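Trainee: from the sequence below, what's the structure:
(one chain, ligands or ions: 1)
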Amino acid sequence: MSENKASNRMWGGRFASGPDAVMEAINASISFDRKLYAQDIRGSLAHAAMLAQTGIISAEEEKKIAHGLNTILSEIERGDFTFSTRLEDIHMNVEARLAELVGPVAGKLHTARSRNDQVGVDFRLWVKEELQRVDAALTGLIEAFLTRAEEHAASVMPGFTHLQAAQPVTFGHHLMAYVEMFGRDRSRVCDAIERLDECPLGAAALAGTGFPIDRHMTAAALGFREPTRNSIDTVSDRDFALEFLSTAAICATHLSRLAEEIVIWSTPQFGFVRLSDAFSTGSSIMPQKKNPDAAELIRAKTGRVNGHLMALLTVMKGLPLAYSKDMQEDKEAVFDAAETLDLMLAAMTGMVGDMDVNKQAMKKAAGAGFSTATDLADWLVREAGLPFREAHHVTGRAVALAEERKCGLEKLPLETLKQIHPAIHDGVYSVLSVANSVKSRTSYGGTAPAEVRRQIRAWRKRLKRDATRAKNR
Ligand code: ARG
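Mentor: This is a model prediction of the structure:
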């Protein structure tokens, strides 16, 4: 067989010559789908065992094939395997080596199977494992947040809307907002696993097969809940990859918002947090600088993850059923998004775990900008029976006066406040302090330290419950 012009040994029966070099270059996926080697071999072992069990091949043949496949697995893991572009993809690289190792019996492995269901199995197994890795990483991130939130359940900071100081909140409460987001990310991950947990093996090229295969057997052997139900859908479907990418994109977007906040908080102007040396960089020219590069890169890499989602949606949108080679483009998108997200989650966990929080700076900022104005309005409703709209108006006048005098609301003398509204008495000062403002917001999900602590306890319980459930699965 001459190197370039020989027809393909897997499908070359009707071909007089081999592919052009450019054809080979555009067609081959081995440079990236070699990542699927372990899943490919696992899938083949399960398929061979099923072929023997159903009498499609003999037990003797299965033994030879399984031995060869296990040899290949260790060759690849030792770095002793030569991947060839001429053999296109991981499936044909493994099968060709199998033929070298065990002879013609290797040719029986592909009975009742096509690369279309084979790649479906391999890729689903890989995506499922990645989703499990993301779930674990998110759990670690949530735990890091719970620790920091507990530390700062009562540390006041300005809460923002429009990035303008709005009402005081606690830093713990702000962190718990992200815990909610990461919790939803986790539940999306679990849903995605639930939906992809069906085994494609046996759908064959697209129509199923006439061989008496046992799809339930291979599904169970590979840890899937059940086999897929429609052979055409099976080899056409990449929802599971899209769902991974959209889950990743949403999670990355959450990480990016937090990264942006960390960038803002760590500026000398805000000074709310100081990143550890381990998670920041210096400037080669300005010695005073400490830059939040990890946060900036988390923010930036979100673009990359979101781009992969858009890329695969676009690949899939025009494809007639069933398999088309377009679908080979699914892998690089998913692999790169996965690698990127894993790194983002690890960096965020490290960064948040050891950043220094400047309670003083946050407290000072929390009191600025008349942040307790809503508390004054609420007090007027409660104590003086004003309708909220009127209370809002009265408070507005107090804010204008304080602004004129360049002081905080709590520094306005009682006489002045009484002139604005006669019903105001000295009890009002208790709500004008930031600490009291925060303490008063005891509504379910509110920012009162006691409520934040309750949320933290509930999350700890939830994590424990999820862990036990996972163990019993
Ligand atoms: N490398 C291919 C892919 O990733 C495997 C499936 C090839 N199937 C085919 N009919 N050419 O999509």
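Trainee: mind listing residues that contact the helix or strand where Asp375 lies?
Mentor: Secondary-structure assignment from DSSP states H and E places Asp375 in helix 373-384. Outside helix 373-384, the residues that touch it by Cβ atoms under 8 Å, 6 or more residues apart in numbering are 167, 386-388, 390-392, 394-396, 398-399, 409, 421, 423-425, 427-428, 431-432, 436-437, 440. Glycine gets a C-beta too; all of them are placed from N, C-alpha and C.
Trainee: again with stretch 435-445
Mentor: 154, 156, 167-170, 371-372, 375, 430-431, 447-451, 455.
Trainee: for the stretch 251-400 of the chain, what spans make up the helices?
Mentor: 293-316, 330-353, 359-367, 373-384, 388-405 (DSSP state H, counting those that start in this stretch).
Trainee: for the last one, C-alpha coordinates in CSV please.
Mentor: Put plainly, it is helix 388-405. Output in CSV follows, covering the C-alpha atoms of helix 388-405 (Å, rounded to 0.1, in the frame of the first residue of the first chain):
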residue,chain,number,x,y,z
PHE,A,388,-45.3,55.7,50.7
ARG,A,389,-45.4,58.2,47.8
GLU,A,390,-45.6,61.2,50.2
ALA,A,391,-42.9,59.7,52.5
HIS,A,392,-40.7,59.3,49.4
HIS,A,393,-41.2,63.0,48.7
VAL,A,394,-40.5,64.1,52.2
THR,A,395,-37.3,62.0,52.2
GLY,A,396,-36.3,63.6,49.0
ARG,A,397,-36.3,67.0,50.7
ALA,A,398,-34.2,65.7,53.5
VAL,A,399,-31.7,64.3,51.0
ALA,A,400,-31.6,67.6,49.2
LEU,A,401,-30.9,69.4,52.5
ALA,A,402,-28.2,67.0,53.6
GLU,A,403,-26.6,67.3,50.2
GLU,A,404,-26.6,71.1,50.5
ARG,A,405,-25.0,70.9,54.0
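Trainee: and it with helix 373-384, angle?
Mentor: Interaxial angle, helix 388-405 versus helix 373-384 (axes from the mean of the first three to the mean of the last three Cα atoms, to 10 degrees): 130 degrees.
Trainee: for helix 388-405, what is the distance to the chain centroid?
Mentor: Helix 388-405 sits 45 Å away from the centroid of its parent chain (Cα atoms, centre = their mean, to the nearest Å).
Trainee: other SSEs contacting whatever helix or strand comes next after that helix?
Mentor: Next along the chain after helix 388-405, taking DSSP H and E as the criterion, comes helix 414-420. Contacts defined by 3 or more Cβ pairs under 8 Å, 6 or more residues apart in numbering; DSSP states H and E place helix 414-420 against helix 388-405.
Trainee: tell me how far Ala38 lies from the ligand.
Mentor: Per Cβ to the nearest ligand atom, to the nearest Å, Ala38 is found 16 Å from the ligand.
Trainee: am I right that that residue is in contact with Leu73?
Mentor: Yes - counting by Cβ atoms under 8 Å, Ala38 touches Leu73, with 7.0 Å between them.
Trainee: what about these two, which has more around it?
Mentor: Leu73 (19 against 15; other Cβ atoms under 10 Å).
Trainee: so the more buried one is in which element?
Mentor: helix 59-78.
Trainee: what comes into contact with that helix?
Mentor: With Cβ under 8 Å, 6+ apart, helix 59-78 has contacts from 37-38, 41, 44-45, 48-49, 51-52, 57, 81, 94, 97-98, 101-103, 105-106, 108-109.
Trainee: related to what we said a few turns ago, which of the contacts of stretch 435-445 fall within strands?
Mentor: 156, 167-170 (DSSP state E).
Trainee: which one among these gets closest to the ligand?
Mentor: Val169 (49.2 Å; Cβ to the nearest ligand atom).
Trainee: let me know the pLDDT of the closest one.
Mentor: pLDDT for Val169: 97.
Trainee: what do you get for Thr374?
Mentor: pLDDT at Thr374 comes out at 89.
Trainee: quick one: low-confidence ranges for this protein?
Mentor: Within the chain, the stretches with pLDDT under 70 are 1-6, 9.
Trainee: select only the buried ones of the contacts of helix 373-384 in ChimeraX?
Mentor: Provided next is the ChimeraX selection string for whichever of those are buried by 16 or more other Cβ atoms under 10 Å:
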select :167,386,391,392,394,395,398,399,409,421,424,428,431,432,437,440
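Trainee: got the contact list for the closest residue to the ligand within the stretch 151-300 of the chain?
Mentor: The ligand sits closest to Ala205 of the stretch 151-300 of the chain, with a gap of 7.2 Å, by Cβ to the nearest ligand atom. Going by Cβ under 8 Å, 6+ apart, Ala205 touches 114, 116-117, 235, 322-323.
Trainee: give me the element it is part of.
Mentor: Using DSSP H and E, Ala205 maps to neither a helix nor a strand.
Trainee: neighbours of Glu194, just the number please.
Mentor: 11.
Trainee: quick one: list the elements packing against whichever helix or strand it is part of.
Mentor: Per DSSP H and E, Glu194 falls inside helix 171-196. Using 3+ Cβ pairs under 8 Å, 6+ apart as the contact criterion, the elements in contact with helix 171-196 are helix 115-151, strand 156-161, helix 239-265, helix 449-472.
Trainee: between those, which gets nearest to Val22?
Mentor: helix 115-151 (21.8 Å; Cβ to Cβ).
Trainee: report whether the closest one contacts the ligand.
Mentor: Yes - Helix 115-151 reaches the ligand (Cβ under 6 Å from any ligand atom) through 115-116, 119.
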